[in-house]
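A.B. asks: With the sequence up front, the predicted model follows.
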Amino acid sequence: MKPQIEVVVGDITTQHVDVIVNAANPSLMGGGGVDGAIHRAAGPQLLEACKVVRQQQGECPPGHAVITLAGDLPAKAVIHTVGPVWHGGEQNEARILEDAYRNCLNLAAANNYCTIAFPAIATGVYGFPRAAAAEIAVNTVSDYLTRRRLPERVYFVCYDEENAQLYKRLLTQRGQDSDA
């Protein structure tokens, strides 16, 4: 059986999965980093879908997640989640990041999606330390998958080999194969 979790070095906007996760800002209107890349690759339909979500519920708070269509991306949908801004770890950042991953997984499962690709949430301009964020991501996703049928496969899509090695090492420590 292939591993349930795989680490991939690459561009999340090119992943052929059911759903990709966008490390969004609360406005859902695009921005820098992975958020900007996803919005550019998806085309104007994604921004329009995000505007509808904003009209319905307002901003997306840290730790929460919403789902939209994927526009021009090869995925079927985009789950937008807002990670915590790092303030030294004293403002529940770890719990909020866990919530972000768990809420994305819950939305994927609720929509019967089998495959999901995550970027390193909150590690860019939000400043969450990469190693700590990777540990939270791996632990939260691994624990979730032990109790749920969906999603069947999770990909951690890393922009560079250095970050990918963090995830691979953590998966190996948990006794999970991480070869992509």
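C.D. replies: Looks like it arrived, so ask away. The model shown is predicted, which means the values in this text are computed figures rather than measured ones.
A.B. asks: make it CA atoms for all contacts and neighbour counts henceforth
C.D. replies: Noted.
A.B. asks: Next, the contact list for the one residue sitting closest to the centre of the chain, please.
C.D. replies: Central residue of the chain (C-alpha atoms, centre = their mean): Phe118, 3.3 Å from the mean position. Applying C-alpha atoms under 8 Å, 6 or more residues apart in numbering, we find Phe118 in contact with Ile12, Ile20, Val21, Asn22, Val154, Tyr155, Phe156, Val157.
A.B. asks: Phi first, then psi, for it.
C.D. replies: Phi and psi for Phe118, reported as degrees, to the nearest 10, are phi -110, psi 140.
A.B. asks: hey, what's it bridged with?
C.D. replies: Following DSSP bridges, Phe118 is listed with bridge partners Phe156.
A.B. asks: all strands for the protein, in order.
C.D. replies: 5-9, 19-24, 65-69, 77-82, 115-118, 153-158 (DSSP state E).
A.B. asks: Does anything pack onto the second one? Which helices or strands?
C.D. replies: Packed against strand 19-24, as judged by 3 or more C-alpha pairs under 8 Å, 6 or more residues apart in numbering; DSSP states H and E, are the following elements: helix 33-42, strand 77-82, strand 115-118.
A.B. asks: Below-threshold pLDDT in this protein: ranges please.
C.D. replies: 1-3, 177-180 (pLDDT under 70).
A.B. asks: Helices along that one, start to end?
C.D. replies: Counting by DSSP state H, one finds helices in the chain at the ranges 33-42, 44-57, 93-110, 130-147, 161-173.
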